[in-house]
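In: Fold the following, please.
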Amino acid sequence: MKLLKSTLIFSIFTLLSRIAGFARDAIQASLFGAGPAVSAFVVAYRIPNYLRRIFAEGSFASAFVPVLSELRQQGDQRALQDFLDHVAGALLAAVVVVTGLGMLLSPWIARLFLILADDQDAQVVLVADMLRITFPYLTFISMTALAGSVLNSFRQFGLPAFAPVLHNLAVILAMLVLSRWFDVPEHALAYGVVLAGILQVLLLWPALYRLGVLPRFRFDLRHEGMRRVFRLMLPTIFSSSVAQINLLVGTVFAAALAVEAQAWLYYSDRLVEFPLGLFGVAIGTVILPHLSTRFAATDQEGFDRAMDWGLRAVVLIALPAAFGLARPAEPLDHHLVRLRPVQAGRRPHDCSSRAGDVSRHTRLHGQQGLAASVLRPSGHAHTHADRRAHR
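Out: Modelled structure (predicted):
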């Protein structure tokens, strides 16, 4: 019952986030369409977002949360605080270095991802400019994700679930207010992402102070807690990143199709992520601390019962959602990509054709990928908790 209640709380805030996200995408499509600058933003946002899955979520979170839960179970507050201090210090150092390198190497990174494009010079400049803006987002969102993992471990699910709502609102504000000040209005999207990262940090870190676990950054890779996190993390970096690697490879090949292809894929992917984020991520986020606590308490029966509940829940949700999304794909996409022909520089039938392209991607992605994607969060929870049990 506690898992169900926590999942419902998380799902309610996630629903607000997805509604705000849909509004953000609809405003983006209406203001900017699916042109070269939007495609450039998609690529520039996707790269630090992929790195976030390594440094902040996915592999890192699945290794960090079990160790944190075990220390909480032992009741040693000093050891818990020392562990948080060293993890925060190591994570901050890593993401700052990667952020600096990403900004410095942005022209070469952009050229790498657009290597298959026919006429890439102008697009490379656009992507590189936006990468310099979006890369600092990696630092802010990594600190946000660390705070969110700690709060989730303390069963404080509300604020971490509300953080994405703040993200979407910040990007919407940037689009509506900042776009008029740039020669390339789509630059407002990139600055909105960075603003969102800052606001999320300001939202979650005061909550750590109120819990009495605000990290003091310390750096020592020989710390025993850090070594345990590394040992758990290394074998899973690839497995937890397969979907993101696939997305990056798709980004490279999409560049060979058309300049607008990145935007088409982005809009269709956002529609597919609506049920994934609402249910799959909610269940995976809520169940991981619970599974880690059950294993720390050597409660095999409690772990199996929670795992069975999670698998039944995601199967019950994923399969109907996949088929349900595929059927109305075309009207959904026409509603999302309703461009103003004069502003976008295209005739009405061109806009309908563009929405049709998005619809085909949504239908294919919804049928083939959603069920597997929703199952993934709980699957990772089981893998990492099981690895801890057999250390």
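
In: When you work out contacts or count neighbours from here on, use the C-alpha atoms and nothing else.
Out: OK.

In: Is Leu159 in contact with Leu202, as I believe?
Out: No: counting by C-alpha atoms under 8 Å, Leu159 sits too far from Leu202 to count as a contact (11.3 Å).

In: got any ranges where this structure has weak pLDDT?
Out: Within the chain, the stretches with pLDDT under 70 are 1-7, 10, 118-120, 238-244, 256, 258, 274-282, 284-286, 321-322, 324-391.

In: Please name the residues that touch Asn168.
Out: Contact analysis of Asn168 by C-alpha atoms under 8 Å, 6 or more residues apart in numbering lists Ser17, Ala20, Gly21, Arg24, Ala196.

In: out of those residues, which are inside strands?
Out: With DSSP state E as the criterion, strands contain none of these.

In: before we move on, the earlier item: who has more neighbours out of Leu159 and Leu202?
Out: Neighbour count, other C-alpha atoms under 10 Å: between Leu159 and Leu202, Leu159 has more, with 18 against 14.

In: Measure how buried the closest residue to Phe230 other than its chain neighbours is and give me the count.
Out: Setting aside the residues directly before and after it, Phe230 is nearest to Ala63 in space (C-alpha to C-alpha, 6 or more residues apart in numbering), at 7.7 Å. Using other C-alpha under 10 Å, the number of residues around Ala63 comes to 23.

In: Identify each buried residue in the helix or strand in which Ala63 is found, please.
Out: Per DSSP states H and E: Ala63 is located in helix 59-74. Of the residues in helix 59-74, 59-72 count as buried by neighbour count, 16 or more other C-alpha atoms under 10 Å.

In: ok, of the residues you listed, which one's closest to Thr251?
Out: Nearest to Thr251 among those, counting by C-alpha to C-alpha, is Ser59 at 22.1 Å.

In: Who are the contact partners of the residue nearest to Thr139 when sequence neighbours are not counted?
Out: With C-alpha to C-alpha, 6+ apart as the criterion, Thr139 has its nearest non-adjacent residue at 5.4 Å, and that residue is Val95. Val95 is in contact with Phe55, Leu138, Thr139, Ser142, counting by C-alpha under 8 Å, 6+ apart.

In: coming back round to it: out of the buried residues of helix 59-74, the closest to Ile133 would be?
Out: Out of those, the member with the shortest distance to Ile133 (by C-alpha to C-alpha) is Phe60, at 24.5 Å.

In: quick one: that closest one and Ile54 touch, right?
Out: Yes: in this structure, Phe60 is within contact of Ile54 by C-alpha under 8 Å, at 6.2 Å.

In: In the stretch 201-350 of the chain, what residue spans correspond to strands?
Out: For the stretch 201-350 of the chain, applying DSSP state E, counting those that start in this stretch gives no strands.

In: Quick one: name whatever helix or strand follows the one helix or strand Asp129 maps to.
Out: According to DSSP H and E, Asp129 maps onto helix 121-134. Toward the C-terminus, helix 121-134 is succeeded by helix 136-153 as the next helix or strand (DSSP H and E).

In: That following helix - contacts with which helices or strands?
Out: If contacts are counted by 3 or more C-alpha pairs under 8 Å, 6 or more residues apart in numbering; DSSP states H and E, helix 136-153 sits against helix 36-55, helix 59-74, helix 77-104, helix 158-178, helix 187-211, helix 281-296.

In: so of those, which one's packed in deepest?
Out: Using mean count of other C-alpha atoms under 10 Å, the stretch among the helices and strands packed on helix 136-153 with the greatest mean number of neighbours is helix 281-296 (a mean of 25).

In: hang on, the earlier thing: isn't the residue nearest to Phe230 up against Val229?
Out: Yes: counting by C-alpha under 8 Å, Ala63 touches Val229, with 5.4 Å between them.

In: out of the contacts of Asn168, which is most surrounded?
Out: Result: Ala196 is most packed of those (other C-alpha under 10 Å), 26 neighbours.

In: ok, the closest residue to that one other than its chain neighbours - contacts?
Out: Using C-alpha to C-alpha, 6+ apart and skipping residues adjacent in sequence, the residue nearest Ala196 is His167, 4.5 Å away. Neighbouring residues of His167 by C-alpha under 8 Å, 6+ apart: Val193, Ala196, Gly197, Leu199, Gln200.

In: What separation do you get for His167 and Thr14?
Out: As for His167, its distance to Thr14 is 12 Å (criterion: C-alpha to C-alpha, to the nearest Å).

In: do Ile133 as well
Out: Separation of Ile133 from Thr14 (C-alpha to C-alpha) stands at 27 Å.

In: which one of the two has more residues nearby?
Out: Neighbours of Ile133 and Thr14, each counted by other C-alpha under 10 Å, are more numerous for Thr14; the result is 27 against 21.

In: Show me which residues of the one helix or strand that one maps to are buried.
Out: Element membership for Thr14 (DSSP H and E) is helix 2-32. Neighbour counts using 16+ other C-alpha under 10 Å place 6-18, 20-32 of helix 2-32 among the buried residues.

In: how far off helix 136-153 does it point, in degrees?
Out: Interaxial angle, helix 2-32 versus helix 136-153 (axes from the mean of the first three to the mean of the last three C-alpha atoms, to 10 degrees): 160 degrees.

In: Verify the contact between Gly148 and Ala207 for me.
Out: No: if you go by C-alpha under 8 Å, Gly148 and Ala207 don't touch, sitting 9.6 Å apart.

In: ok, now which ones touch Asp129?
Out: Asp129 touches Ser106, counting by C-alpha under 8 Å, 6+ apart.

In: how close does it get to Thr139?
Out: In this view, Asp129 and Thr139 are 18 Å apart by C-alpha to C-alpha.

In: coming back round to it: kindly indicate which of the contacts of Asn168 lies nearest Ser268.
Out: Nearest member of the contacts of Asn168 to Ser268, counting by C-alpha to C-alpha, is Gly21, at 13.1 Å.

In: how near is that closest one to Gly192?
Out: Gly21 is 13 Å from Gly192, by C-alpha to C-alpha.

In: so what's Arg216 closest to, chain neighbours aside?
Out: Spatial nearest neighbour of Arg216, chain neighbours left out: Asp85 (4.9 Å); criterion: C-alpha to C-alpha, 6+ apart.
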